[in-house]
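Engineer: sequence first, then the predicted structure:
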Amino acid sequence: MPRPRSVLPALMALWLAAGAGALVPQATRAAGTGSAPATPPAKESKVTRESEAARQRHLQILQQVGRYEDERLQQYVNDVGQRVAAKSDRPDLTYTFTVLDDDQINAFADPAGYIYVYRGLLAHLSSEAELAATLGHEIGHVTARHSARRQAGAVASAVGATLVGVLTGNAGLMSAADLAGGAMVMGYSREQESEADELGMKFIGRVGYEPTAMLGTLEVLWDNDQFQLQRAREDNRSVGGRGIFASHPDSDKRIREATPLAPKFKVSGVEPRPDNGDEYLSRIEGLVVGTSGAQGVVRGTRFYHSGLGITMAFPSGWTLQNERTKLMAFGPAEDRLVEVSAQPIPPNTTPKAFLARVLQGQPSTTAEPLDSNGLEGYRANIRHATMPWGNKGPVAVAVIYSKGLAYVFVGATRIASQFNTFEPLFVSSVKTFRRLRDNEYAAAEPMRIRLVKAGPDTRIEQLAQQAPDPKYAAERLRLLNGLYPDKQPTPGQILKVVQ
């Protein structure tokens, strides 16, 4: 069963259209994201209009997903990307390379030359050459004009039907594309992905990097596919929604196809470049792993946000999915969901009145005041609403006020007859919401990559015992260091650990 994406759009579409539904309220987001004129001037050229549309898409992505605030790393990624772009088949195009503040293991491209890589992917790469291969693949999608070639079969959003091109082959599963409006929700064909792999190898070969670096990038995707499958089997669930397996089709086939081709793209007469593994690792030391401070930090089943000064907890065994605009918590079988968002409190509006605006007149029951650790709120149950699984049933809604913000909680269970047992669980979770204590701000700091040198007796299992998150700690360390599923480090190897 695919993971439900969100309960809010189906439940409160009108309210969201008015501007609600963001965990980081609109007032705190980056400015400078105004929309383009509805009707371009008559003398404005098609090229100018397309350029402005691409710029607006770029600004929207930065607003919705977030730019990773590390200028040194941004400059490094841009330098590597520009080096590869200059040797591409369209060197005259203006390219912009951006690291996004999200832990997804992915990258994507806008056909106008905007290339995006998630910090989650950077954490799993091992060298500058692999970074160059990643960016070369995305540049390949742009130079081959894959978006134009598949325009007829794509499902486009109002943003403009041009934000496409995941490194992994399925644009519809990227949170960036989703948050920016969805753009194209159909992925590239395997043939187009293979073509982008080949173009990427060709471009980095022209620069002097070893084309086989593309294999390392593809192996990162394959290893994470297998890890997600392992987790799904252990959790007795399907891999869907935002799962990496769904967004990384045919990684193994792409590795098999690229392996014999890679040596052919090594260009004679070009001065070889080292893979610069040590340089790359030094650049990503301190990189945030998992959720960032701007999004709030997840520790097990507890959520912390130092900027907002709040924390809350969910039942044991639940999984938290933290995004820039909302926090979502899923029950073990993903048939229960609680979603949290925030909005500035309108002037002279009580929690009861605020919740009434949220409900938009929908029939409700159990309407009553709610107190959460000294914070005032209100809650109610909607009798019959469309749920994120597509069926109809009751939905629990609550609001709590804290420091000028209204925090909205929405809960649902896929099986309507189980709502009576779910409701107390929902209420108890909401009542864990409170302000951070002074001694908890340290826990709200994100986890980061640190580098250690392996000795003769270094074992992944020993390093995993020191990890801040014990769940799958050994597997995650192996994934970060290219040692999945069961390899051990070699003496002298520089390892990435999480602290």
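Structural biologist: Nice, thanks for sending it over.

Engineer: could I get the full set of helices for the stretch 51-200 of the chain?
Structural biologist: 71-85, 119-124, 128-143, 146-149, 175-179, 190-207 (DSSP state H, counting those that start in this stretch).

Engineer: looking at these, which has the lowest confidence?
Structural biologist: Among these, helix 175-179 has the lowest mean pLDDT, at a mean of 38.

Engineer: what's the closest non-adjacent residue to Gly205?
Structural biologist: Leaving out its chain neighbours, the residue that sits closest to Gly205 by C-beta to C-beta, 6 or more residues apart in numbering is Phe265, at 3.9 Å. Heads up, the C-betas are built off the backbone N, CA and C, glycines and all.

Engineer: my read: Met328 touches Val338, true?
Structural biologist: Yes: if you go by C-beta atoms under 8 Å, Met328 and Val338 touch, sitting 7.4 Å apart.

Engineer: where does the stretch 201-350 of the chain have low pLDDT?
Structural biologist: The stretch 201-350 of the chain contains residues with pLDDT under 70 at 237-249.

Engineer: sorry, back to before: can you redo the helices of the stretch 51-200 of the chain as CSV with mean neighbour count and distance to Gly317?
Structural biologist: Below are the helices of the stretch 51-200 of the chain laid out as CSV (neighbours: other C-beta atoms under 10 Å; distance: least, C-beta to C-beta, whole Å):
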stretch, mean neighbour count, distance to Gly317
helix 71-85, 18, 35
helix 119-124, 23, 24
helix 128-143, 28, 35
helix 146-149, 17, 41
helix 175-179, 22, 24
helix 190-207, 23, 36
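
Engineer: mind putting those into TSV with distance to Pro347?
Structural biologist: Formatted as TSV, those follow (distance: least, C-beta to C-beta, whole Å):
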stretch	distance to Pro347
helix 71-85	38
helix 119-124	38
helix 128-143	46
helix 146-149	45
helix 175-179	29
helix 190-207	52
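
Engineer: which of those helices sits closest to Asn224?
Structural biologist: helix 119-124 (7.2 Å; C-beta to C-beta).

Engineer: contact partners of that closest one?
Structural biologist: Residues from elsewhere that reach helix 119-124, judged by C-beta atoms under 8 Å, 6 or more residues apart in numbering: 68, 73, 77, 99-107, 131, 134, 167, 220, 224, 284, 287-289, 449, 479-480, 496.

Engineer: please save the CA atoms from that helix in CSV.
Structural biologist: Listed next in CSV are the C-alpha coordinates belonging to helix 119-124 (Å, rounded to 0.1, in the frame of the first residue of the first chain):
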residue,chain,number,x,y,z
ARG,A,119,22.5,17.2,0.6
GLY,A,120,21.3,13.7,1.3
LEU,A,121,22.9,12.5,-1.9
LEU,A,122,26.1,14.5,-1.2
ALA,A,123,26.4,12.6,2.2
HIS,A,124,26.5,9.3,0.3
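
Engineer: Ser429 is nearest to which of the helices of the stretch 51-200 of the chain?
Structural biologist: helix 175-179 (23.4 Å).

Engineer: contacts for the longest helix anywhere in the chain next, please.
Structural biologist: Ranked by residue count and defined by DSSP state H, the top helix of the chain is helix 213-235. With C-beta under 8 Å, 6+ apart as the test, helix 213-235 has contacts from 105, 121, 124-127, 129-130, 132-134, 136-137, 167-168, 197, 200-201, 204, 238-239, 243-245, 248, 251-252, 254-255, 258-259, 262, 275, 332, 472, 475, 479, 482, 484-485.

Engineer: so how far is that helix off the chain centroid?
Structural biologist: Its chain's C-alpha centre and that of helix 213-235 lie 16 Å apart, by C-alpha atoms, centre = their mean, to the nearest Å.

Engineer: kindly report the same for stretch 277-291.
Structural biologist: On C-alpha atoms, centre = their mean, the centre of stretch 277-291 falls 18 Å from that of its chain.

Engineer: next: stretch 473-489.
Structural biologist: That offset, for stretch 473-489, works out to 22 Å (C-alpha atoms, centre = their mean).

Engineer: this protein - how does it break down into domains?
Structural biologist: 44-286, 297-440, 454-498 (automatic domain parsing).

Engineer: quick check: which of those domains is buried the most?
Structural biologist: Of all those, domain 44-286 has the most neighbours on average by mean count of other C-beta atoms under 10 Å, namely a mean of 20.

Engineer: how far off centre is it?
Structural biologist: 14 Å.

Engineer: again, but for stretch 397-409
Structural biologist: 25 Å.

Engineer: so what touches it?
Structural biologist: Counting by C-beta under 8 Å, 6+ apart, 11, 20-21, 25, 308-310, 338-345, 351, 354-355, 358-359, 364, 370, 372, 375-382, 396, 410-411, 426-427, 429-430, 433, 435 sit against stretch 397-409.

Engineer: so Val65 touches Asp101, yeah?
Structural biologist: Yes: with contact defined as C-beta under 8 Å, Val65 reaches Asp101; the gap is 6.8 Å.

Engineer: which residues are common contacts for these two?
Structural biologist: Arg324.

Engineer: if we can go back for a sec, out of the helices of the stretch 51-200 of the chain, nearest to Tyr441?
Structural biologist: helix 119-124 (22.6 Å).

Engineer: residues contacting the nearest residue to Gly277 once chain neighbours are set aside?
Structural biologist: Counting by C-beta to C-beta, 6+ apart, Gly277 lies nearest to Ser127, which is 4.1 Å off, once chain neighbours are set aside. Residues in contact with Ser127 (C-beta under 8 Å, 6+ apart) are Ala213, Gly216, Asp275, Asn276, Gly277, Tyr280.
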